[in-house]
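from the sequence below, what's the structure:
(chains A, B, C, D and E)
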Amino acid sequence: MEINQVVGTLYCTERIEGLRHCSLRILKDKKGKLLVATDPVGTRPGNWVFTVSGSAGRYAMGDPNIMTDLTIGGIIDAWAPETVAKPEASSSASPATPRDKAA
Amino acid sequence: MEINQVVGTLYCTERIEGLRHCSLRILKDKKGKLLVATDPVGTRPGNWVFTVSGSAGRYAMGDPNIMTDLTIGGIIDAWAPETVAKPEASSSASPATPRDKAA
Amino acid sequence: MEINQVVGTLYCTERIEGLRHCSLRILKDKKGKLLVATDPVGTRPGNWVFTVSGSAGRYAMGDPNIMTDLTIGGIIDAWAPETVAKPEASSSASPATPRDKAA
Amino acid sequence: MEINQVVGTLYCTERIEGLRHCSLRILKDKKGKLLVATDPVGTRPGNWVFTVSGSAGRYAMGDPNIMTDLTIGGIIDAWAPETVAKPEASSSASPATPRDKAA
Amino acid sequence: MEINQVVGTLYCTERIEGLRHCSLRILKDKKGKLLVATDPVGTRPGNWVFTVSGSAGRYAMGDPNIMTDLTIGGIIDAWAPETVAKPEASSSASPATPRDKAA
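Numbers count the residues shown, from 1 in each chain, chains lettered A, B, ... in the order given. Next up, the predicted model:
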């Protein structure tokens, strides 16, 4: 799943039947690329969300007949980097050197 | 779903049976890359569209036996950035700092 | 679907059963990256083709038990950019400004 | 499957039903991009993990009704480059020149 | 399908049940990115292989209950560029100009 920000709404009257009247949100990813997602959560512009892609996105709408490939999965309250252990710590060192040798 | 512009039609007589006589549109993405999509909507060159990929693209044709992986989902009327709240506003601030702490 | 050029044949005797004796083509994309695709069409080196990916690629072989994720969908005869309307024209203008407001 | 590092936990109360109360991990890939994954293994920040995407990620949760597209598949103990043969060695030379000719 | 080189083995004791005791190979793509794949073929470090992704990768293991998204499809013996016709030749010219007009 990926982290994006809601930036607006997409207006689209001529559309495939498989999307019905679903509201479509415009998201912006970290690189500034715009994406379109279905929104079963009810987001507002400015919300940070995570998105579910592929067939999971379709099922995530609660109805697999909604023909989407990207669905908003939730509004992010917060994320905590949780003080990742420094590279010195065994658990976070890039395991290029076998840990079982060191153990 | 992604945003692309229709730039033309692809002519292709030797093709797999799974695409039948579907008309194939050439799309250009923001980076200038050309893509090929099936078109159940009836677009014209110059139209801005959004596209549905993967298995959803196949179902979006109304017939899952059409062997496409990219289908035009609709013609974009307009998109509104809707004045995304500034970074000062709590709802749009990158939630790197837990919002529940602040609340 | 994407546009690639056939550049050769991949020889591979030790392979999974799911690919049987399918001939495998080497394709080159616009950036020069090499890809491998199954070929139900009968292409020759130099042909420009479009490719179908994902589960559609498997079904496109006419037998979903062929374990491919990329299948040649057809040989491109021609593609016509069809004089995309200039940005001044309403239909091709990037719809950042709501078209329904203008109408 | 891809190699990522766990960097934290994502807090998200407003979410789709399809994710229930699954804990969501924030991962960082080699380029620094943040991803969100479900975690059936029980990882801690700093762990290096590999991730399973697509429909396999959903089944990897042990319950295909969990609407994820990325699941942590395991904690990496170690990886060994195993002294890849030099380009001179026949087995590792880029096979641009047919090996069967040389044999 | 994509072309990668086997560079080693991934050791991972804490893993999801869906991967059982499958051996996991570390692959390196052309850009140097490391990937993890299941190996039903029996490769050795240094081998050039092509990989099958998505649901086809799962079926390619011979058992769709193996929760992989990338499977080694075969060891490459050789690939032959087969003297792609020069741009002057009609078959390899980028078909931006309709070929049917020229015919």
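
and the strands in chain A?
A:2-11, A:24-28, A:34-38, A:48-53, A:70-75, A:78-80 (DSSP state E).

looking at the ones you listed, which is nearest to chain C?
strand A:2-11 (6.8 Å; CB to the nearest CB). To be clear about C-beta, it is placed using only N, CA and C from the backbone, and glycine gets the same treatment.

I'd like to know which elements that closest one is packed against.
strand A:24-28, strand A:34-38, strand A:48-53, strand B:78-80, strand D:34-38 (3 or more CB pairs under 8 Å, 6 or more residues apart in numbering or on different chains; DSSP states H and E).

pLDDT score assigned to the residue lying closest to residue A:18 once chain neighbours are set aside?
Spatially, and ignoring its direct neighbours in sequence, residue A:18 is nearest to residue A:67 (3.0 Å; CB to CB, 6 or more residues apart in numbering or on different chains). Note on residue A:67: pLDDT of 95.

burial count for residue A:67?
Residues near residue A:67, counting by other CB atoms under 10 Å in any protein chain shown, number 27.

over to the one 10 residues further on?
Counted with other CB under 10 Å, residues neighbouring residue A:77 total 17.

show me what the closest residue to it other than its chain neighbours is bridged to.
Leaving aside its sequence neighbours, residue A:77 sits nearest to residue D:11 (CB to CB, 6+ apart; 4.4 Å). On the basis of DSSP bridges, residue D:11 is bridged to residue A:78.

quick revisit: and among the helices and strands packed on strand A:2-11, the most buried is which?
Comparing the helices and strands packed on strand A:2-11 by mean neighbour count (mean count of other CB atoms under 10 Å in any protein chain shown), strand A:48-53 ranks first with a mean of 25.

and the contacts of that strand?
Around strand A:48-53, the neighbours that count as contacts under CB atoms under 8 Å, 6 or more residues apart in numbering or on different chains are A:1-6, A:27, A:35, A:37, A:41, A:43, A:57, A:60, A:69-76, B:92, B:94-95, D:10, D:12, D:16, D:18, D:24, D:36, D:67-69.

go again using 7 Å as the cut-off
Contact with strand A:48-53 is made by A:1-6, A:27, A:37, A:43, A:60, A:69-76, B:94-95, D:10, D:36, D:67-69, as judged by CB atoms under 7 Å, 6 or more residues apart in numbering or on different chains.

nearest spatial neighbour of residue A:59, chain-adjacent residues omitted?
residue D:67 (5.5 Å).

pLDDT score for residue A:85?
Looking at residue A:85, its pLDDT reads 41.

check contacts around the residue nearest to residue A:59.
For residue D:67, the contact set (CB under 7 Å, 6+ apart) comprises A:52, A:56, A:59-60, D:16, D:18-19.

among the residues you listed, which ones are in helices?
Counting by DSSP state H, those place A:56, A:59-60 in helices.

now the residues you listed in TSV, with neighbour count and pLDDT?
What follows is these, written out as TSV (neighbours: other CB atoms under 10 Å in any protein chain shown; pLDDT from 0 to 100):
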residue	neighbour count	pLDDT
A:56	26	93
A:59	20	92
A:60	31	93
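
OK, contacts around residue A:69?
A:53-54, A:57, B:1, B:52-54, B:56.

distance check, it against residue D:34.
Going from residue A:69 to residue D:34 by CB to CB, to the nearest Å gives 21 Å.

beta partners of the residue nearest the centre of chain A?
Nearest to the mean C-alpha position of chain A, by CA atoms, centre = their mean, lies residue A:51 at 2.2 Å. The partner list for residue A:51 in beta bridges (DSSP bridges) reads residue A:2, residue A:72.

columns distance to residue D:47 on top of the ones in helices among the contacts of residue D:67, output as TSV?
Formatted as TSV, these follow (distance: CB to CB, whole Å):
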residue	distance to residue D:47
A:56	24
A:59	28
A:60	27
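
so how far is stretch A:24-41 off the chain centroid?
Mean-position distance between stretch A:24-41 and its chain equals 9 Å (CA atoms, centre = their mean, to the nearest Å).

make JSON lines from the contacts of residue A:69 and add distance to residue C:47 to it.
Compiled in JSON lines, the contacts of residue A:69 are given as follows (distance: CB to CB, whole Å):
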{"residue": "A:53", "distance to residue C:47": "32"}
{"residue": "A:54", "distance to residue C:47": "30"}
{"residue": "A:57", "distance to residue C:47": "34"}
{"residue": "B:1", "distance to residue C:47": "31"}
{"residue": "B:52", "distance to residue C:47": "28"}
{"residue": "B:53", "distance to residue C:47": "24"}
{"residue": "B:54", "distance to residue C:47": "26"}
{"residue": "B:56", "distance to residue C:47": "29"}
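
related to what we said a few turns ago, the contacts of residue D:67: which two are farthest apart?
Largest separation among the contacts of residue D:67 by CB to CB: A:59 and D:19, giving 11.0 Å.

surely residue A:16 touches residue B:60?
Yes. Here residue A:16 reaches residue B:60: they are 5.0 Å apart, a contact under CB atoms under 7 Å.

what touches both of the two?
What both residue A:16 and residue B:60 touch, as defined by CB under 7 Å, 6+ apart, is the set A:67, B:40, B:73.

what about the last one, neighbour count?
This points to residue B:73. So residue B:73, with other CB under 10 Å, has 30 neighbours.

can I assume it is in contact with residue A:19?
Yes. In terms of CB under 7 Å, residue B:73 counts as a neighbour of residue A:19; the distance is 6.2 Å.

around chain B, which positions in chain A sit nearby?
Chain A comes close to chain B at residues A:7-16, A:18-19, A:26, A:33-37, A:44-48, A:54-55, A:58, A:67-70, A:76-80, as judged by CB under 7 Å from any CB of the partner chain.

please list the residues of chain A that sit near chain C.
So chain A meets chain C at residue A:11 (CB under 7 Å from any CB).

which stretches of chain A have low pLDDT?
Scanning chain A for pLDDT under 70 picks out A:80-103.

and with 50 instead?
Within chain A, the set of residues satisfying pLDDT under 50 comprises A:83-93, A:96-103.

quick check: closest non-adjacent residue to residue A:27.
Closest to residue A:27 by CB to CB, 6+ apart is residue A:4, at 3.9 Å.

so the one you found makes contact with residue A:29?
Yes. If you go by CB under 7 Å, residue A:4 and residue A:29 touch, sitting 5.1 Å apart.

okay, the two: which has more neighbours?
For residue A:4 and residue A:29, the more surrounded residue by other CB under 10 Å is residue A:4, and the numbers stand at 24 against 14.
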